[in-house]
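Undergrad: Coordinates only, no sequence provided:
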């Protein structure tokens, strides 16, 4: 199966409604033959991000449409820094999301080489733990997840690896935002 990122803006911050949305997304993904990996929220619970294994983007989108779940985007992604099993076991450790709109000239091979070279530099900011990145296969953007005490610690970690931040979001979830 391939890995996909589903992005959906929410119309509520009500935790019961958001829990129902995640349940609906997970059920829809499973009905489409997929397997949910993780869900997290950004922008004060206004965006839900779902990562899922699925057989194809078309089947996943068709399942969401059939279930009446509008979405903003479904994109194939590659996970870096963790395995899917590790994410399923430890997804709740992430508390910060960094989105980086990738430069048009950056290729996946160049990105992966850069990541390999720069990742050891995270050790210079020990209070921040890089957990994983989801890189869109179309190289439009990547989403990097961290465990950090505050925004400034994430910013220092990004500076240590000489990588910009286009959007920084404290991740909320429906259990403890």
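TA: Looks like it arrived, so ask away. What you see is a predicted model; the values in this text were computed from it and never measured.

Undergrad: Quickly list the domain ranges of this protein.
TA: 2-77, 90-170 (automatic domain parsing).

Undergrad: Looking at the ones you listed, spot the one closest to residue 83.
TA: domain 90-170 (9.2 Å; C-beta to C-beta). (Each C-beta comes from the backbone N, C-alpha and C, glycine too.)

Undergrad: Span of that closest one from start to end?
TA: The first and final residues of domain 90-170 sit 17 Å from each other (C-alpha to C-alpha, to the nearest Å).

Undergrad: Rounded mean pLDDT for that domain, please.
TA: For domain 90-170, mean pLDDT is 94.

Undergrad: Ok, stretch 74-82 next?
TA: pLDDT averaged over stretch 74-82 gives 96.

Undergrad: Now it: buried residues?
TA: Neighbour-count burial for stretch 74-82 flags 74-77, 79-80, 82 (criterion: 16 or more other C-beta atoms under 10 Å).

Undergrad: what's the distance between the nearest residue to residue 22 once chain neighbours are set aside and residue 144?
TA: The spatially closest residue to residue 22, leaving aside those adjacent along the chain, is residue 39, at 5.0 Å (C-beta to C-beta, 6 or more residues apart in numbering). For residue 39, the distance to residue 144 equals 17 Å [C-beta to C-beta, to the nearest Å].
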